[in-house]
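> predicted model and sequence below, questions to follow.
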Amino acid sequence: MRRLVLAALAAALPARAQDCATDAMVVFDGSASMGEITMETGANTRIKEARRAMAEVMADVERVRRIGLFVYGPGGADSCGGVSLRFAPLPRAAARMGAELEALVPAGLTPLAAAVEAAAEAMDHRRAPAIVVLVTDGNETCGGRPCALADRLAAEAADLTVHVIGFRAARDFFAWDNPDQQRYAGDTVAKCLSDRTGGLFVGAETVEELSDALRRTLGCLVIGRL
């Protein structure tokens with residue numbers, strides 16, 4: 001049964017996402033809301049649940065794809081300045097990923113557009129194929145314009161795919177007062193990052209769904225396990 005499920009996921013992936021030779025960068029939400037205890041998380045927090053999902057997936061993905069990590073939220077000079085490269089894509093990245101996320105203390109706001117742009121730049125997206133996987137529980141709160149960024153990335157990138165995972169996010173979590181809201185038909189503005197680069201937009205409400213979303217978007221896992 002597991003083989004059938006994994007095969008079905010592989011068939012659903014965009015062709016570029018199935019290329020295990022392409023490096024991937026996870027852009028991880030470290031904003032203050034990831035540390036909140038809510039009715040949905042119970043005694044846990046989103047950051048704890050996301051750590052569990054990432055550890056489960058990375059144990060398999062690290063064997064077949066080089067992966068790096070960007071974090072946004074904490075550590076900036078101001079509440080929107082916390083965008084940092086924790087490590088560039090490297091093989092066998094599970095231990096490094098786990099250590100970085102375990103040490104992460106959520107803080108700050110959500111400069112997700114700036115973080116995705118920085119991740120693309122770090123991967124030399126104008127000249128090399130790249131995959132960016134944005135994991136976020138909230139909306140852009142630092143004035144960034146995801147749709148304008150998506151247009152620019154689609155125009156200038158050699159072969160860039162951006163996937164967006166909304167973890168425990170309300171339906172309108174990307175609906176905010178921004179010029180992009182009028183340009184994009186729908187209430188999830190950052191979905192244009194995936195739409196305009198050939199990626200996936202996946203919602204996840206549980207740890208299991210987040211794990212599945214990470215497998216789908218990081219992609220190599222379903223091929224490596226068949």
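Looks like it arrived, so ask away.
> could you use CA atoms for every contact and neighbour count after this?
Will do.
> do a quick rundown of the strands in the chain.
Taking DSSP state E as the criterion, the chain contains strands spanning 24-29, 67-72, 83-90, 129-136, 159-167, 201-204.
> mean confidence score for stretch 195-208?
Along stretch 195-208, the predicted local confidence has a mean pLDDT of 92.
> follow-up on the earlier one: mean pLDDT lowest where, among the strands of the chain?
The stretch with the lowest mean pLDDT among the strands of the chain is strand 201-204, at a mean of 90.
> any idea how far that strand is from the chain center?
In this view, strand 201-204 has its centroid 10 Å away from the chain centroid, taken as C-alpha atoms, centre = their mean, to the nearest Å.
> partners of it, with directions?
Strands adjacent to strand 201-204 in the sheet, as given by DSSP bridges, are strand 159-167 (parallel).
> tell me which residues in stretch 79-90 are buried?
Counting neighbours by 16 or more other C-alpha atoms under 10 Å, one finds that the buried residues in stretch 79-90 are 79-85, 87-90.
> can you check stretch 157-164 too?
The neighbour-count criterion (16+ other C-alpha under 10 Å) identifies 157, 159-164 as the buried residues of stretch 157-164.
> tell me the angle the helix ranked longest in the chain makes with strand 129-136.
Secondary structure assigned by DSSP state H gives helix 46-61 as the longest helix of the chain. Relative orientation of helix 46-61 with respect to strand 129-136: 150 degrees, computed using axes from the mean of the first three to the mean of the last three C-alpha atoms, to 10 degrees.
> show me what helix 46-61 is packed up against.
Counting contacts by 3 or more C-alpha pairs under 8 Å, 6 or more residues apart in numbering; DSSP states H and E, helix 46-61 is packed against helix 94-103, helix 207-218, helix 220-224.
> low-confidence ranges in this structure?
Low-confidence regions of the chain, defined here as pLDDT under 70, cover residues 1-19, 38-42, 170-188, 219-226.
> let me know which of the helices and strands packed on helix 46-61 is tucked in deepest.
With neighbours taken as mean count of other C-alpha atoms under 10 Å, these reach their highest mean count in helix 207-218, at a mean of 23.
> if I look at the spatially most central residue of the chain, how far off is A43?
Compute the mean C-alpha point of the chain, and by C-alpha atoms, centre = their mean the closest residue is L134, 1.8 Å away. When C-alpha to C-alpha, to the nearest Å is the yardstick, L134 and A43 sit 25 Å from each other.
> again, but for E121
Taken as C-alpha to C-alpha, the spacing of E121 relative to A43 amounts to 38 Å.
> so the two - more neighbours on which side?
A side-by-side neighbour count of E121 and A43, using other C-alpha atoms under 10 Å, places E121 first with 13 against 9.
> tell me which residues touch the nearest residue to A93 once chain neighbours are set aside, please.
Nearest residue to A93, sequence neighbours excluded (C-alpha to C-alpha, 6 or more residues apart in numbering): E62, at 5.7 Å. With C-alpha atoms under 8 Å, 6 or more residues apart in numbering as the criterion, the residues that contact E62 are 91-94.
> next one: G81
Listed by C-alpha under 8 Å, 6+ apart, the contact partners of G81 are 73, 75, 111.
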